[in-house]
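[1] task: produce atomic coordinates for the following.
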Amino acid sequence: MILELLRPEPDLLRGLSAALRIVYYVACLGAAGLAVFAIGFGRLQEPQDAAACRSMTLGMVVVGLASSLAWLATQVAIASDGDPFDAEVWDMMLTSRPGNSVLIACAGLIAVAVATWIGRAAVAVGAAGTLAVAASFTAVGHTTQHQPRLLLAAALVVHLLAVAFWAGSLWPLLLASRRGGREAAQLVEGWARAATWIVGGLVLAGAVLAWLLVGRLELLVTTAYGRALLTKVALVGVLLGFAAWHRFRLTPALAINRPGSGRRLAVSIGWEIVVMVLVFWAVAEMTSTSPQGEG
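    As a prediction, the model looks like this:
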């Protein structure tokens, strides 16, 4: 979005498309991550927090569905010189890779919504929906244009599932931190133990993707994609710093019920959410450019 607006003659429609893509990423992976959190840690939540998370999940699903259709409309408008309602272009778009990706993601979001509505009896449905959301991104983008295709697709799915787990957990962790107490500390500590392994998978899969897509170190500083990737890596480094701070300083303080510890952890998680959104912005910028440059 920002890369487009910085051009000498910015295309506002393409800028809008990039902005919608950010919303789409946040909503899809946020809903999927909330579903994963409910499966893994929902039993440790207070009933009020679990209800709030269910409402947030359903809201994310609605936003994801709406933003996906709006993003497709901008793609139709770009392809038809400004007409977002061109029926012929819509037909082509829905059978294209971007259209297939959106349809798979929408099916996954609907499955997540059904599982959220039914509850723990539909765990398998929620897990399948989460996997579908992550897999939908393998139908479009840079991983479809480079080899080895299967390794790239697998690395992307692992990376996105880990991202969803992290991003979707922030809201329920913030709610628990606000309440404070030993129960909240147990929830945060349990999540942190699982996150240690999952974030390791995120970093490893991300490194594989970066190496296979970029290939040469000089492209990191000579292409828009490389610079966006470096920005993403820097932001993920900030997130890792937050994670370490929470695990080794703020969570132990919460466990011993130190006055104000819950509020401090909640505020810190709030800032972590801001940085996570910036990561999604960097990803949206990456998808707008080529890993190998414009040439």
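[2] for E285, which non-adjacent residue is closest in space?
    With sequence-adjacent residues excluded and distances taken as Cβ to Cβ, 6 or more residues apart in numbering, E285 is closest to A228, at 4.1 Å. From N, CA and C alone the C-beta is placed, and that goes for glycine too.
[3] A194 contacts G40, correct?
    Yes. Using Cβ atoms under 8 Å, A194 and G40 qualify as a contacting pair, with a distance of 6.8 Å.
[4] overlap in contacts, those two.
    Counting by Cβ atoms under 8 Å, 6 or more residues apart in numbering, A194 and G40 have no common neighbour.
[5] do you know how far A73 is from A134?
    Remark: distance between A73 and A134 (Cβ to Cβ, to the nearest Å) = 24 Å.
[6] and for G64?
    Going from G64 to A134 by Cβ to Cβ gives 13 Å.
[7] give me the more crowded residue out of the two.
    Ranked by neighbour count (other Cβ atoms under 10 Å), G64 and A134 place G64 first, with 29 against 24.
[8] any regions of this protein where pLDDT drops low?
    Residue ranges of the chain with pLDDT under 70: 1-10, 292-295.
[9] the domain parsing of it - what is it?
    Taking automatic domain parsing as the reference, the chain has its domains at 8-140, 148-295.
[10] any idea how far G99 is from V112?
    In terms of Cβ to Cβ, V112 sits 20 Å off from G99.
[11] these two: who's more crowded?
    Remark: of V112 and G99, V112 carries more neighbours, 32 against 19, as counted by other Cβ under 10 Å.
[12] that one and L65 touch, don't they?
    No. In this structure V112 lies outside contact range of L65 using Cβ under 8 Å: 10.8 Å.
[13] show me what contacts the residue lying closest to L219 once chain neighbours are set aside?
    In this structure, L219 finds its nearest non-sequential neighbour in G226, 4.9 Å apart by Cβ to Cβ, 6+ apart. Neighbouring residues of G226 by Cβ under 8 Å, 6+ apart: 214, 219-220, 291.
[14] isn't M93 right up against A77?
    No. With contact defined as Cβ under 8 Å, M93 does not count as touching A77 (10.4 Å).
[15] name the helix or strand for N257, please.
    Remark: N257 resides in no helix or strand, with elements defined by DSSP states H and E.
[16] nope, H146 is what I was after
    Using DSSP H and E, H146 falls outside every helix and strand.
[17] which ones are touching it?
    Contact analysis of H146 by Cβ under 8 Å, 6+ apart lists 152, 212-213, 291.
[18] and the residue nearest to E272 when sequence neighbours are not counted, how many neighbours does it have?
    Leaving aside its sequence neighbours, E272 sits nearest to F242 (Cβ to Cβ, 6+ apart; 4.5 Å). F242 is flanked by 19 other residues according to other Cβ under 10 Å.
[19] contacts only, for F242.
    Counting by Cβ under 8 Å, 6+ apart, F242 makes contact with 268-269, 271-272, 275.
[20] do a quick rundown of the helices in the stretch 1-150 of the chain.
    Under the criterion DSSP state H, counting those that start in this stretch, the stretch 1-150 of the chain contains helices at 2-5, 12-41, 47-79, 87-94, 97-118, 123-136, 149-179.
[21] deepest of these, which one?
    Ranked by mean neighbour count under mean count of other Cβ atoms under 10 Å, the helices of the stretch 1-150 of the chain are led by helix 12-41, which reaches a mean of 23.
[22] and it, what does it pack against?
    Under the contact definition 3 or more Cβ pairs under 8 Å, 6 or more residues apart in numbering; DSSP states H and E, helix 12-41 sits against helix 2-5, helix 47-79, helix 97-118, helix 123-136, helix 149-179, helix 182-214, helix 261-287.
[23] sorry, back to before: identify the residues contacting the residue nearest to E285.
    3, 282-283, 285-286, 289.
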